[in-house]
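In: No letters, just coordinates:
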């Protein structure tokens, strides 16, 4: 059996699970925090695409406010490389949402580590910044 490499993290997002789920699946909101064109079809088996098509896949779990799953294959990966799998679980937290991200089936630990940094730098931190900015804007 081939070895599988994984990245897992827990991250607190300063918004409700419903808001976080919407921000991960709504093309307009994704453009606001992540830039670029995205598509997340709201059904299992639907098309998934983030970052102007740099990453594509298929929706594997779609439970609003609770869980989002999708296959993940960056365009720079070889055509022979199978897609990796992402699961994002959301639970209420006193500060907003406890987000657990599990990204499995990387072709190497180096790619898993780099992708982990990418999740923080290009998804989780910008997502949180989006919500903090939204709350500050509403208060002013």
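Out: Cool, the structure landed. This structure is a prediction, so every number in the text was calculated from the model and none was measured. Numbers count the residues shown, from 1 in each chain.
In: and residue 116, what is it in contact with?
Out: Residue 116 is in contact with 7, 9, 103, counting by Cβ atoms under 8 Å, 6 or more residues apart in numbering. Yep, even glycine has a C-beta here, placed from its N, CA and C like the rest.
In: Tabulate the residues you listed (JSON lines), appending neighbour count.
Out: As requested, these are arranged in JSON lines below (neighbours: other Cβ atoms under 10 Å):
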{"residue": "7", "neighbour count": "22"}
{"residue": "9", "neighbour count": "13"}
{"residue": "103", "neighbour count": "21"}
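In: Show only the entries of these found in helices.
Out: Among those, DSSP state H puts none in helices.
In: Sort out which of those are in strands and list them.
Out: Counting by DSSP state E, those place 7, 9, 103 in strands.
In: For residue 85, see how far away the second one is.
Out: The one in question is residue 9. 15 Å (Cβ to Cβ, to the nearest Å).
In: I'd say residue 105 and residue 87 touch.
Out: No. Using Cβ atoms under 8 Å, residue 105 is not in contact with residue 87; the gap is 11.2 Å.
In: who are the neighbours in contact with the residue nearest to residue 84 when sequence neighbours are not counted?
Out: Of all residues not flanking residue 84 in the chain, residue 105 sits nearest, at 4.3 Å (Cβ to Cβ, 6 or more residues apart in numbering). Residue 105 makes contact with 4-6, 82-85, according to Cβ under 8 Å, 6+ apart.
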